[in-house]
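Undergrad: can't give you the sequence, but here's the structure:
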């Protein structure tokens with residue numbers, strides 16, 4: 001019996017049990033609606049491709065002791081179709097008895113017909129394994145940006161997390177609210193004239209799909225979306241994080257032309273994750289400012305997201321800070337031009353293009 005086999009729907013119960021043991025029981029946060037997660041992301045995807053399957057690893061008795069997920073993602077390199085895939089949920093039972101199972105699974109995935117294999121939730125151990133098999137760490141896309149929306153409230157949360165008594169932090173709350181309101185009013189006054197030429201509205205998926213090629217025209221490598229695929233992808237993002245609200249906002253200039261948009265998982269009173277942020281050339285500062293203003297009005301305390309290389313200057317000028325913490329972004333490409341686009345920062349790889 002071949003130890004590595006294509007993942008089938010009938011394997012879901014065993015893989016789900018492995019997932020619970022490998023991730024959830026070890027203290028990691030699993031996706032929402034876990035019982036239906038595997039079917040949802042691996043078999044219901046609009047990009048499902050039998051030539052790009054996920055894989056299970058069986059022991060000599062036929063039991064599944066390992067899993068490597070593969071999620072197809074069509075891309076375009078200078079307008080040319082590129083077959084992309086996301087590697088996700090690599091896991092092996094610690095009691096499986098095969099110390100090489102993870103390496104063999106990932107090697108099998110590397111050998112697939114995809115032009116690019118990408119992973120954005122790599123651990124330190126996963127990064128070592130990935131690079132050992134010939135893959136590369138995409139350092140730019142491993143960076144996270146963060147920007148306090150309510151700085152005083154953020155400091156208060158920081159103090160509370162470090163053990164400052166609730167009696168003290170509670171007494172400071174009224175002062176914190178006043179300080180944040182004054183900071184917001186001061187910033188809004190300075191920027192009001194510059195932002196007056198822009199309008200913000202809800203982001204329809206048909207507009208997102210139709211306008212994406214033009215808004216993303218300066219990128220060498222980008223996703224190839226249609227409305228159906230976007231609907232599925234955003235639904236998966238929301239289902240995987242049901243505690244936060246997926247907020248989509250569109251930005252237009254004075255002529256009504258689309259100049260960018262942002263999509264984020266809103267947590268009122270907490271940290272919100274930006275999963276998609278894009279702007280036409282020349283509009284990055286306005287789009288980023290409007291993101292901050294929208295997050296303020298929606299009640300966010302902090303915004304965070306994957307580094308968007310084309311917005312580094314605008315983010316820096318708006319007092320964002322950058323750090324590498326947590327997962328690594330990893331790439332393996334058979335075409336040097338694809339890898340070069342990623343390593344140079346000329347690829348559009350938002351959080352939506354990663355593992356779900």
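TA: Received the coordinates, thanks. Quantities reported herein were computed from a predicted structural model and do not represent experimental measurements. Numbers count the residues shown, from 1 in each chain.
Undergrad: leaving out chain neighbours, which residue sits closest to residue 250?
TA: residue 203 (4.1 Å; Cβ to Cβ, 6 or more residues apart in numbering). Every residue, glycine included, has its C-beta placed from N, CA and C.
Undergrad: where does the stretch 51-200 of the chain have low pLDDT?
TA: 151-194 (pLDDT under 70).
Undergrad: what segments of it are helices?
TA: 101-110, 124-132, 151-161, 166-195 (DSSP state H, counting those that start in this stretch).
Undergrad: counting by contacts, list what the second one packs against.
TA: In terms of contact count using 3 or more Cβ pairs under 8 Å, 6 or more residues apart in numbering; DSSP states H and E, helix 124-132 is assigned the packing partners helix 101-110, strand 116-122, strand 136-137, strand 328-333.
Undergrad: hey, which of the ones you listed is tucked in deepest?
TA: strand 116-122 (a mean of 24; mean count of other Cβ atoms under 10 Å).
Undergrad: give me the contact list for it.
TA: 73, 75, 82-88, 109-110, 126, 130, 135, 137-138, 141, 306, 327-335, 338-339, 342, 349, 351, 353-355 (Cβ atoms under 8 Å, 6 or more residues apart in numbering).
Undergrad: and residue 334, how far from residue 114?
TA: 8 Å (Cβ to Cβ, to the nearest Å).
Undergrad: do the same with residue 252
TA: Residue 252 is 36 Å from residue 114, by Cβ to Cβ.
Undergrad: got the end-to-end distance for stretch 105-118?
TA: 15 Å (Cα to Cα, to the nearest Å).
Undergrad: before we move on, back to that, neighbour-wise, which of residue 252 and residue 114 wins?
TA: residue 114 (25 against 18; other Cβ atoms under 10 Å).
Undergrad: so what's the closest residue in space to that one that isn't next to it in sequence bridging to?
TA: If the residues on either side of it in the chain are set aside, residue 114 comes closest to residue 85, at 4.1 Å by Cβ to Cβ, 6+ apart. Here residue 85 sits in beta bridges with residue 72, residue 117, going by DSSP bridges.
Undergrad: surely residue 85 is in contact with residue 74?
TA: No - counting by Cβ atoms under 8 Å, residue 85 stays clear of residue 74, with 9.7 Å between them.
Undergrad: more crowded one of these two?
TA: Ranked by neighbour count (other Cβ under 10 Å), residue 85 and residue 74 place residue 85 first, with 26 against 17.
Undergrad: so how far is residue 111 from that one?
TA: 12 Å.
Undergrad: which residues do the two both contact?
TA: Contacts common to residue 85 and residue 111, judged by Cβ under 8 Å, 6+ apart, are absent.
Undergrad: can you tell me how far the residue nearest to residue 250 sits from residue 231?
TA: 12 Å.
Undergrad: thinking again about what came up before, my guess is the residue nearest to residue 250 meets residue 248, correct?
TA: Yes - counting by Cβ under 8 Å, residue 248 is a contact partner of residue 203 at 3.8 Å.
Undergrad: what touches both of those two?
TA: Joint contacts of residue 203 and residue 248 (Cβ under 8 Å, 6+ apart) are 261, 263.
Undergrad: wouldn't residue 37 be in contact with residue 356 here?
TA: No - look at residue 37 against residue 356 with Cβ under 8 Å: they stay out of range, at 9.2 Å.
Undergrad: returning to what we had before: turn the helices and strands packed on helix 124-132 into TSV, columns for distance to residue 295.
TA: Formatted as TSV, those follow (distance: least, Cβ to Cβ, whole Å):
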stretch	distance to residue 295
helix 101-110	37
strand 116-122	22
strand 136-137	30
strand 328-333	24
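Undergrad: what's the neighbour count on residue 355?
TA: Residue 355: 19 neighbours (other Cβ under 10 Å).
Undergrad: where does it land on pLDDT?
TA: Model confidence at residue 355, given as pLDDT, is 93.
Undergrad: that one contacts residue 73, doesn't it?
TA: No - contact between residue 355 and residue 73 fails when scored by Cβ under 8 Å: they sit 10.5 Å apart.
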